[in-house]
Structures are given as structure tokens and as C-alpha cells.
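>>> Fold the following, please.
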Amino acid sequence: MRWRFFIALVLLVLSSSFVLAQSTIDVTPLDYQITTAEEASFEVTVSNTENVTRVYTLYGLDAVWGVDVADRKFSLNPEQSKTTTVRVKPLGPFQPSTYAIKLYVDASTPGDTAPVERYQRDLTVVLYPEQPVEYLPSIGVTVDVNEKISPRNPLSIKLFLENRNPLNLAGMTVRIESDIPEFAQDAVVDLPPREQKTVEFSITPNPYQQPREYTLFFVFERNGETIKVVEKKIEILPLLPGFRVEPIEETIFLKKFTQVRITNEGNVLNTQDVKVPVSLPAALFTSGVDVGSEQGRFYLHWSLALRPNESTTIEYVTNYRILLYIIVLLALFGLFYWAVQPPVQVRKHAVAVKAGEDGTLSELKVTLEVRNRSRRQLKNIVVTDIVPSIANVTKNLELGTLKPLEIKETHRGTKISWSLPELDGHEHRIITYALRTKLNVLGDFSLPRATIEYGKRRGKVGKAYSNIFRLSS
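Residues are numbered from 1 along each chain as shown. Just a heads-up that it's a prediction; the model follows:
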């Protein structure tokens, strides 16, 4: 039993090796698309993968196809290969189509005519008619384009074309038709039989194109006839950028003339508030425009409505001459004030000498300070003060550093006068006196202005007045 199992195992291994050691036949098309008047050609590679020498014979048996093999019969040692050319020619009337012609390869032992193995391969031939115009054009078209288009960006449109039959579409025109003028382009394309091609159009849209949906028509023409039309919907998107602001300035002697050109660069009617930053002085001295502030910054602003690509010009004037005029007027006023100011000045001051237990005023010491503010000497100076009727001058006291010229009762009160023959430039004199109230005064006590008279040129007399002094008890 054991030897029978061993013999069966050996036969199985030998049969497996025989199956695995078959030859290989590879076919490579060289020119398989022909007309009835042409020949198709193929490369056939035969490889001997067996462990014995084989003789190979290549032939065809189809009566209506001529099969011509360059090397019809040859032998190959183990692991050898050989490539030969096979030509196939139609011999009968054929309709255009695809045909499979059988190629046979016999493998035999040298000296033996009977084949050990027979291989079969298909030689595929595409047969075209000699007059392809009989075909109607058949084109496959795929449009690759962004359907949402910003008119500010360049656009690429790609057409993937496929010729679906043997008709040679040479000199075919591809044209784009649209309501948008920038899309109107065309190209001439050669599309050989059963081939594919990509056609690309580069478009630069009008940046102010009205936003809405448009239809693109891709028209294919050959020999003046339309053979196909493809539609494609696209949408132009609305653009709402900020208005472009372009100021032009000209300055003539502290007066700046400004023209601001404002443009809507979008493609729809737009209303915006336009702001032009300015400094605080410019905001104060600019007329004819609205001035606003935001976070401590000043700006001129306008509210404008502009159509696509519409521009408007706004003019305004910043006049710094007003500031110069103000400075000149202040300087003139200062000079005038300095010119009309009296050269002598008198100031009044008072302090309480005695006060009642309840805080009331009873006796005051009054000081008159006389000052010559000029450099020249003043003469014939008379200082006059009025003591209100509610008080009396204290005569039994020292009346100050200068003896009064006159003490006189009037309906307004007691009038006291002092005479100064002269007062040198920038000289300073102090006059003091005391007064006692007739009643204890509670609250504010007011002393009227003192008057000073001085001699001017050509015998004229000038006057100056002191302040009104108020004392609170």
C-alpha cells in the first residue's frame, strides 16, 4: 500500500509541474485603429517557461482576415523568449466596428509535428470607414467652472471634450455666448476620433458687473453648422467694499483747499458714511461740512449714495487765517488796553481791629496802596476815599503815614482826601486810616471804591479807581 501511495504522490507532483511550466504569450497593439484599406500591427512575445526546448508556430484561421506573421515558426530553449510582428488586414467588406481576430500559437517538440500545447490570443482591431463624414458628430462635454463668481477675480473655464465616434472633428469652433461681454470668447479645437481633449478659457470679468444669475452657452460649430450647445448657470456675487477716498489738497497762505473724490468700487448701489480724520485745529477751522468725534478723534463725515463705479467730489476749506486774525485782534486789544490803562493804581484793603463778643464788627483799619506803574514821574496826585454813613472816621487815632488833605461829611458818607505832590516812576506809597461803625455789624460790610486823580499832559486830569472791598464778620 505504501509504494502505491508513493507512486500517486510522484505523479501528482509531476503533473503540477507540467501545468505550471506552460509557455506565456503576450500581445501588444502597435496600430489597431485602421480603415478597410489599412493593416493593423501587433507585437507578439513568446516565452518558453518550460524545462525543454519547444518549437512554436504562429498562424490565423479566419478566412476574411489576412494574418501575416513575420516569424511564423521558431524554436526556443528553456527560459528563452522571442518577439515577432503580426500584421492583420481585412479581406472582405466590413462595417465599421470592433473585431477580435484569433491568433493561434502551437508549441511542439522538435522533430514532432503534433503540438504539445495550443494557445489562443485575440487581436483586437477597431475598423473605421474610409468616409467618416457619414457619422453624425457625437461629443461629450463636461464644464468645470465656479458657479459663484466674484467679478473682481480672474476666472478659468475648462471644457473636457470627448469624441464618441470615428468622425474626425478637425477645425471645430467652440464659442461662449453670454449677456456678459467679457465672457464672449471662442477657440478652434481639433478633436480626433474617439479622443479626449481639455479646452481652457481665461476670463477677466467686469468688476462692476450687475450681480444676478446669468446663463453661459457653449456652442460647438463645424463647417458652419452648430453640432452641440451646452448651457451653464453662473451667479455674479454682489460686492460692497468701502468707498475709495482720494483727497487732493492745496494750501495758500494758511488757507487749505481740499477736494475729496469718493468712488463706489462695488457693483451695486450703496449708501455709506464717509469719514475723513482731521486734527482738532482743522475741525475747528473747517467750514461747510459736518464735524464729529469718536473716541477722542475728530473727523469730517458725509452720508453718500453712489451707483456702481460712480464718483463724486466734495470740496471744503480749512481757514487758519481766522486764527491769525484772532491773534492779531488779541494783540491789538492788549496794546489798546495797555495804552488806556492809567499809569497809577490804587488798591483797598481792610482788617478788623475790634469785634464784639458775638462776632460783630466795630472797628476797622483801612489801607490804600498807591503805585506808579509807569517809568515817568506823576504830579498833582489826589487820593479820595468815602467812608459809608454807617461808620465814622476815628479822629483821635493816628490817621496813617500821610496826613489827610480834607475830611468832609457828604450825603454819601465821610469824604477823606490826601494830596501827593509827585510820585516817581514805580514808586509805592501806603495810606492808612481807621474807622468805627456806629452799630455792631453782623455779616458782610462793604467799602466803596477809592478814587485817585493825577495830572496829565496839557493840563488834563486822569482818574483811576480802586477795588470794592467786602469784609465778613
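
>>> Kindly report the domain assignment for the chain.
Per the record, the chain has its domains at 19-128, 134-236, 244-321, 344-472, by automatic domain parsing.

>>> Please compute how far the longest one lies from its chain's middle.
Taking C-alpha atoms, centre = their mean, to the nearest Å, the mean C-alpha location of domain 344-472 is offset from the chain mean by 77 Å.

>>> circling back to that earlier point, least reliable of the domains of the chain going by mean pLDDT?
Sorting these by mean pLDDT places domain 344-472 lowest, at a mean of 82.

>>> And the helices in the stretch 251-400 of the chain?
Secondary structure of the stretch 251-400 of the chain by DSSP state H, counting those that start in this stretch: the helices cover 280-284, 321-340.

>>> Tell me which of those sits nearest to Gly296.
helix 280-284 (9.7 Å; C-beta to C-beta). In this view, the C-beta of every residue, glycine as well, is placed from N, C-alpha and C.

>>> I would like the residues contacting the closest one, please.
291, 293, 298-300, 318, 320, 323 (C-beta atoms under 8 Å, 6 or more residues apart in numbering).

>>> List buried residues within these.
For these, a neighbour count by 16 or more other C-beta atoms under 10 Å gives the buried set as 298-300, 318, 320.

>>> These in strands, which ones?
298-300, 318 (DSSP state E).

>>> Okay, helices next: where are they in the stretch 1-150 of the chain?
Per DSSP H, counting those that start in this stretch, the stretch 1-150 of the chain carries helices over the ranges 2-20.

>>> returning to what we had before: which of the buried ones among the contacts of helix 280-284 lies closest to Val88?
Using C-beta to C-beta, Tyr299 is the member of the buried ones among the contacts of helix 280-284 that lies nearest Val88, at 86.7 Å.

>>> Show me what the closest one is bridged to.
Beta bridges link Tyr299 to Pro277, Gly292 when assigned by DSSP bridges.

>>> Surely it touches Val289?
No - counting by C-beta atoms under 8 Å, Tyr299 sits too far from Val289 to count as a contact (10.0 Å).

>>> So which residues of the stretch 351-473 of the chain form strands?
Ranges of strands in the stretch 351-473 of the chain, per DSSP state E, counting those that start in this stretch, are 361-372, 378-387, 391-393, 406-410, 413-423, 428-441, 444-447, 451-455, 461-465, 469-472.

>>> Now the ones you listed in a markdown table, please, with extra columns for mean neighbour count and distance to Glu39.
As requested, those are exported to a markdown table (neighbours: other C-beta atoms under 10 Å; distance: least, C-beta to C-beta, whole Å):
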| stretch | mean neighbour count | distance to Glu39 |
| --- | --- | --- |
| strand 361-372 | 20 | 135 |
| strand 378-387 | 20 | 140 |
| strand 391-393 | 20 | 149 |
| strand 406-410 | 11 | 152 |
| strand 413-423 | 18 | 142 |
| strand 428-441 | 17 | 138 |
| strand 444-447 | 16 | 136 |
| strand 451-455 | 19 | 140 |
| strand 461-465 | 14 | 136 |
| strand 469-472 | 14 | 135 |
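
>>> Of all those, which one is nearest Ser108?
Comparing the strands of the stretch 351-473 of the chain by C-beta to C-beta, strand 469-472 comes nearest, at 148.0 Å.

>>> Residues contacting the closest one from elsewhere in the structure, which ones?
Residues contacting strand 469-472 (C-beta under 8 Å, 6+ apart): 348-352, 361, 364, 443-447.

>>> What is the nearest of the residues you listed to Arg194?
Closest to Arg194 out of the contacts of strand 469-472 is Asp444 (119.0 Å), distances taken as C-beta to C-beta.

>>> Quick check: the closest one vs Ile468, distance?
From Asp444 over to Ile468 the distance is 11 Å, taken as C-beta to C-beta, to the nearest Å.

>>> can you pull the pLDDT of the residue most central in space within the chain?
In the chain, the C-alpha nearest the mean C-alpha coordinate belongs to Pro241, at 8.0 Å (C-alpha atoms, centre = their mean). With respect to pLDDT, Pro241 scores 91.

>>> let's have the chain start at 14 instead
That works, and once the first residue is 14, the last one we named lands at Pro254.

>>> helix, strand or coil for it?
Here Pro254 is recorded as coil under DSSP: H, G, I helix; E, B strand; the rest coil.

>>> got a list of what it touches?
So Pro254 contacts 278-279 (C-beta under 8 Å, 6+ apart).

>>> any chance of the strands of the stretch 364-486 of the chain in CSV, with distance to Thr98 too?
Putting the strands of the stretch 364-486 of the chain into CSV (distance: least, C-beta to C-beta, whole Å) gives the following:
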stretch, distance to Thr98
strand 374-385, 134
strand 391-400, 140
strand 404-406, 149
strand 419-423, 152
strand 426-436, 141
strand 441-454, 137
strand 457-460, 136
strand 464-468, 140
strand 474-478, 136
strand 482-485, 135
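
>>> Which of the ones you listed sits closest to Ile152?
Comparing the strands of the stretch 364-486 of the chain by C-beta to C-beta, strand 482-485 comes nearest, at 109.9 Å.

>>> and the closest one, which strands flank it?
Here strand 482-485 has these sheet partners by DSSP bridges: strand 457-460 (antiparallel).

>>> got a list of contacts for the strand it pairs with?
By C-beta under 8 Å, 6+ apart, strand 457-460 touches 361, 363, 374, 377, 379, 401, 450, 481-486.

>>> now do 7 Å
Residues from elsewhere that reach strand 457-460 (C-beta atoms under 7 Å, 6 or more residues apart in numbering): 361, 363, 374, 379, 481-486.

>>> State the distance from Ile261 to Asn393.
The gap separating Ile261 from Asn393 is 68 Å, by C-beta to C-beta.

>>> do the same with Ala318
78 Å.

>>> now Ser402
Distance from Ser402 to Asn393, by C-beta to C-beta: 30 Å.

>>> Would you map the strands across the stretch 64-213 of the chain?
All strands of the stretch 64-213 of the chain, identified by DSSP E, counting those that start in this stretch, fall at 67-72, 78-82, 86-89, 94-103, 110-121, 128-141, 152-157, 161-162, 168-176, 182-190, 199-204, 209-216.
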